[in-house]
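> just coords:
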């Protein structure tokens with residue numbers, strides 16, 4: 001293992017021999033790091049934390065530290081992280097809390113930009129992008145391929161739907177619809193379909209058309225949310241994407257942004 005002489009590595013940690021640990025890094029006990037990971041410099045990782053393969057941690061990020069929750073009393077909660085992630089400068093990712101299930105989960109192929117905060121008990125899906133200064137309160141769920149713009153505060157317990165895009169500086173206090181573009185102007189609104197993102201991810205024109213039809217009913221008709229959902233459920237061949245959108249709305253506990 002390539003460990004810089006200024007790094008401090010607890011003997012209770014388990015680090016694959018292929019990892020590179022740069023200057024002034026600090027790795028605590030109960031930290032497990034898979035093969036091919038690179039800690040550039042000044043990275044702090046505490047445990048219990050389990051990290052997968054081929055992750056890169058940039059200077060001054062803090063990973064697996066205790067949650068910022070006044071009810072936390074030192075319980076052995078965890079952070080679990082997947083593979084092929086980039087964690088940029090000064091990002092913070094906290095372990096979970098007992099009352100939140102005890103685990104913060106970060107998936108794979110995720111870009112966490114500088115100064116981003118992922119609080120306790122969050123669940124981050126694969127291929128997510130969190131731009132500079134995105135701040136996730138506790139228990140936030142960010143589903144796969146979602147993008148959260150720079151300087152976005154996200155309220156506790158919010159769910160951000162798959163393939164959605166949140167513009168920079170948007171305050172998010174309710175659930176963000178899958179496939180949507182959500183941006184703050186005077187107020188925070190969903191402004192329709194994230195069509196460019198879906199096209200880049202290989203969605204067919206037919207799939208995009210069905211989702212677009214659903215969004216016209218949700219956002220541009222005179223129907224309220226319940227009426228729009230019932231009308232969509234009554235239609236034939238709505239497709240898996242629209243069915244997922246309907247489930248998201250029906251399962252929302254905080255309400256959705258329209």
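Yep, it's here. Keep in mind the model is a prediction, meaning the values are calculated, not measured.

> how about residue 196, what does it touch?
Listed by CB atoms under 8 Å, 6 or more residues apart in numbering, the contact set of residue 196 is empty. (Each C-beta comes from the backbone N, C-alpha and C, glycine too.)

> I'd like to know which elements the longest helix along the chain is packed against.
Counting residues, the longest helix in the chain under DSSP state H turns out to be helix 239-251. When contacts are defined as 3 or more CB pairs under 8 Å, 6 or more residues apart in numbering; DSSP states H and E, helix 239-251 packs onto helix 205-215, helix 225-234.

> residue 118: which of those is closest?
Closest approach to residue 118 among those is made by helix 205-215 (28.0 Å; CB to CB).

> buried set for that closest one?
By neighbour count with 16 or more other CB atoms under 10 Å, helix 205-215 contains the buried residues 207, 208, 210, 211, 213, 214, 215.

> how far away is the third one from residue 246?
Distance, residue 210 to residue 246, using CB to CB, to the nearest Å: 12 Å.

> hey, what's in contact with both of these two?
residue 238.

> my read: residue 163 touches residue 145, true?
Yes. Using CB atoms under 8 Å, residue 163 is in contact with residue 145, at 4.8 Å.

> joint contacts of those two?
Joint contacts of residue 163 and residue 145 (CB under 8 Å, 6+ apart) are 197, 201.

> check the buried residues of helix 205-215 and tell me the two furthest apart.
207 and 215 (12.9 Å).

> and stretch 79-92, how far from the chain's centre?
With CA atoms, centre = their mean, to the nearest Å as the basis, stretch 79-92 stands 11 Å off its chain's centre.

> likewise for stretch 161-170?
Between the centre of stretch 161-170 and the centre of its host chain there is 11 Å, according to CA atoms, centre = their mean.

> what's the mean pLDDT across stretch 117-127?
For stretch 117-127, mean pLDDT rounds to 98.

> run a quick neighbour tally on residue 114.
17 (other CB atoms under 10 Å).

> likewise the one 3 residues further on?
When counting by other CB under 10 Å, one arrives at 21 neighbours for residue 117.

> specify the beta-bridge partners of it.
For residue 117, the beta-bridge partners under DSSP bridges are residue 92, residue 135.

> for the stretch 51-200 of the chain, just list every one of the helices.
195-200 (DSSP state H, counting those that start in this stretch).

> assess the claim that residue 59 and residue 44 are in contact.
No. The criterion here is CB under 8 Å, and residue 59 misses it with residue 44 at 10.5 Å.

> quick one: contacts for the residue nearest to residue 140 when sequence neighbours are not counted?
Distances taken as CB to CB, 6 or more residues apart in numbering place residue 122 nearest to residue 140, at 4.8 Å, with adjacent residues excluded. Applying CB under 8 Å, 6+ apart, we find residue 122 in contact with 104, 105, 106, 136, 138, 139, 140, 141, 142.

> which residues touch the second one?
The reference is to residue 105. Taking CB under 8 Å, 6+ apart as the definition, contacts of residue 105 comprise 79, 80, 81, 122, 123, 124.
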